[in-house]
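**Q** this one's sequence-less:
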Ligand code: FAD
Ligand code: NAI
């Protein structure tokens, strides 16, 4: 008789692989099925995040920032390094090496934790009515196997949202995979969508010397951010040479030949504009991936946008089937996917031990957001426009990096930190940052909010001097008009 796993996880991105490891840590017998193949046609664990998302994009952001520093910023420190140059294939090879280190690292983690890894497409077949055991078909290029498991975790992630009328060829018209693999700097780079990918990828290639034009459909950009932060970002990006962001555009046509991509669009004043670029990145959002999963055949409930419908515990409408990460509602972020994976693993473990599950659900209000542009943008909790819409009375403390000694020493003085606290209770409701290294600074704010801190609690904490974290401290002091250095 075939082995029956306690849990079969479909998808090995940061949702699925973390869920499988946590299941194994809790003594559950877990298998993780994943179909990803890298550019060389090899199975590669880690999903979007490790292969063509978080990790490779940050590797390129780091390389391009270093180049930009040498070329444009270090002379202010008295440092000149002759004629700086960038070898793009070396930069890409470095990025690929980092990716491989992590993707193979997951194989090692699976071995260490005794998670069985299977390569191939996973399709839900059926649940046996008497035993309640699920059958999952695993198809590896035509070689099929059936896996049996008591519980299923769907962690199949997301794929780029297609733009009608064009085909991504990853030669001239690129999605995130192509944007991370260019081996030459395009002289003129177009980007459709001023979202997180558009801004991060636009930053990489602009710093390396491309003339970047980002075309955004909405009248403003960074709509999920606090309005004041979005405004500050807009003015900071507007000062960047080589970067243009046009909002309120309507794309009319895109034509690509061997030499050029020609884009016709209506600008915010409804005037027809033409833009010729050498490469075009399309980054207009991502959609949940349930292709070939057997959703329809098994009656798995999907919402009108194709997300698997789940409750607060990530339970689907099918018995013993859970779904996590980008394929379900909520922000499409790696750390959100992982946290859901851990929560579901713990719930299944309780169920298997016959214990009631009274554990926490994932707290969406304390999930941090980070956009790795320069300046970086980060936030957690509610922004001002959300609080106004909800009729919540609040007070705000704000402090600029320009008044901070460490920021001055670094020569990175743009941006500010804003702390929003409840008018009556002083509890911190949201923290919004734009400036140097805020991707790291935001963690202190997340911890404060997770522990239900008041702005007074943060004000009472001693922050090292001189450090960027003093800006957060001063912003918290500012909530009750106690900021010292402004
Ligand atoms: P995924 O990572 O998409 O993994 C799903 C896996 O399931 C894939 O390997 C897929 O091949 C596999 N799969 C799908 N269907 C099947 C099937 N039927 N059978 C077998 N396998 C299947 N998030 C951040 O938090 N920080 C960042 O800095 C960040 N940067 C990003 C940069 C880019 C360019 C992109 C595109 C995304 C970025 N994200 C970032 C988002 C992040 O990558 C996703 O939120 C995260 O990967 C979602 O994890 P997941 O496990 O739900 O799905
Ligand atoms: P996004 O949702 O962040 O941005 C897409 C943008 O495209 C929006 O501003 C939208 O208005 C615009 N758009 C949509 N249709 C358009 C059209 N026809 N013409 C012009 N503009 C159009 O999506 P993006 O950038 O593709 O990223 C997907 C997700 O990946 C993000 O939402 C985020 O969850 C995740 N991600 C996270 C990162 C991080 O945490 N640092 C980095 C990169 C991606």
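**A** Looks like it came in fine. Not measured: the values here are computed from a predicted model. Ligands and ions are numbered 1, 2, ... in the order given.
**Q** report the mean per-residue pLDDT for the lengthiest helix in the chain.
**A** Using DSSP state H, we find that the single longest helix of the chain is helix 88-113. What helix 88-113 shows for mean pLDDT is 98.
**Q** and that helix, how far out from the chain middle?
**A** Helix 88-113 sits 18 Å away from the centroid of its parent chain (Cα atoms, centre = their mean, to the nearest Å).
**Q** what about that helix and ligand 1, any contact?
**A** No - counting by Cβ under 6 Å from any ligand atom, no contacts exist between helix 88-113 and ligand 1, the nearest distance being 9.9 Å. All C-beta atoms are positioned from the backbone trio N, CA, C, and that covers glycine.
**Q** and after that helix, which helix or strand comes next?
**A** strand 116-119 (DSSP states H and E).
**Q** contacting residues for the residue in the chain that ligand 2 sits nearest to?
**A** Relative to ligand 2, the nearest point of the chain is residue 195 (1.7 Å; Cβ to the nearest ligand atom). Listed by Cβ atoms under 8 Å, 6 or more residues apart in numbering, the contact partners of residue 195 are 221, 283, 284, 285.
**Q** one step back: tell me which strands and helices the longest helix of the chain is in contact with?
**A** Counting contacts by 3 or more Cβ pairs under 8 Å, 6 or more residues apart in numbering; DSSP states H and E, helix 88-113 packs against helix 16-25, helix 47-52, helix 54-68, strand 116-119.
**Q** in JSON lines: these, plus mean pLDDT and distance to residue 377.
**A** Formatted as JSON lines, the helices and strands packed on helix 88-113 follow (pLDDT from 0 to 100; distance: least, Cβ to Cβ, whole Å):
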{"stretch": "helix 16-25", "mean pLDDT": "98", "distance to residue 377": "25"}
{"stretch": "helix 47-52", "mean pLDDT": "98", "distance to residue 377": "19"}
{"stretch": "helix 54-68", "mean pLDDT": "97", "distance to residue 377": "13"}
{"stretch": "strand 116-119", "mean pLDDT": "98", "distance to residue 377": "36"}
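**Q** on the pLDDT front, check residue 221 for me.
**A** 89.
**Q** check which helix or strand it maps to.
**A** Counting by DSSP H and E, residue 221 is part of no helix or strand.
**Q** can you report phi and psi for it?
**A** Taking degrees, to the nearest 10, you get phi -120, psi 170 for the backbone angles of residue 221.
**Q** setting aside sequence neighbours, what's the nearest residue to it?
**A** Spatial nearest neighbour of residue 221, excluding adjacent residues (Cβ to Cβ, 6 or more residues apart in numbering): residue 194 at 3.9 Å.
**Q** figure out how far the longest strand anywhere in the chain is from the centre of its chain.
**A** Secondary structure of the chain per DSSP state E: the longest strand is strand 143-154. Centre-to-centre, strand 143-154 and its host chain are 28 Å apart (Cα atoms, centre = their mean).
**Q** can the helix or strand following it be found next to ligand 1?
**A** Proceeding N to C from strand 143-154, the next assigned helix or strand is strand 158-160, under DSSP H and E. Yes - Strand 158-160 is in contact with ligand 1 by Cβ under 6 Å from any ligand atom, via residue 158.
**Q** strand 158-160 and ligand 2 in contact?
**A** No - on the criterion Cβ under 6 Å from any ligand atom, strand 158-160 is out of touch with ligand 2, staying 6.7 Å away.
**Q** show me the strands paired with that strand, marking each as parallel or antiparallel.
**A** Using DSSP bridges, strand 158-160 pairs in its sheet with strand 286-288 (antiparallel).
**Q** show me what the longest strand of the chain is packed against.
**A** strand 4-10, helix 16-25, strand 30-34, strand 121-127, strand 134-140, strand 321-323, helix 334-352.
**Q** please name the nearest non-neighbouring residue to the residue nearest the centre of the chain.
**A** Geometric centre of the chain, nearest residue: residue 333, 4.0 Å, by Cα atoms, centre = their mean. Spatial nearest neighbour of residue 333, excluding adjacent residues (Cβ to Cβ, 6+ apart): residue 367 at 6.5 Å.
**Q** which residues touch that neighbour?
**A** 330, 331, 333, 335, 336, 339, 380.
**Q** go again using 10 Å as the cut-off
**A** Contacts for residue 367 (Cβ atoms under 10 Å, 6 or more residues apart in numbering) come out as 330, 331, 333, 335, 336, 339, 380, 381, 446.
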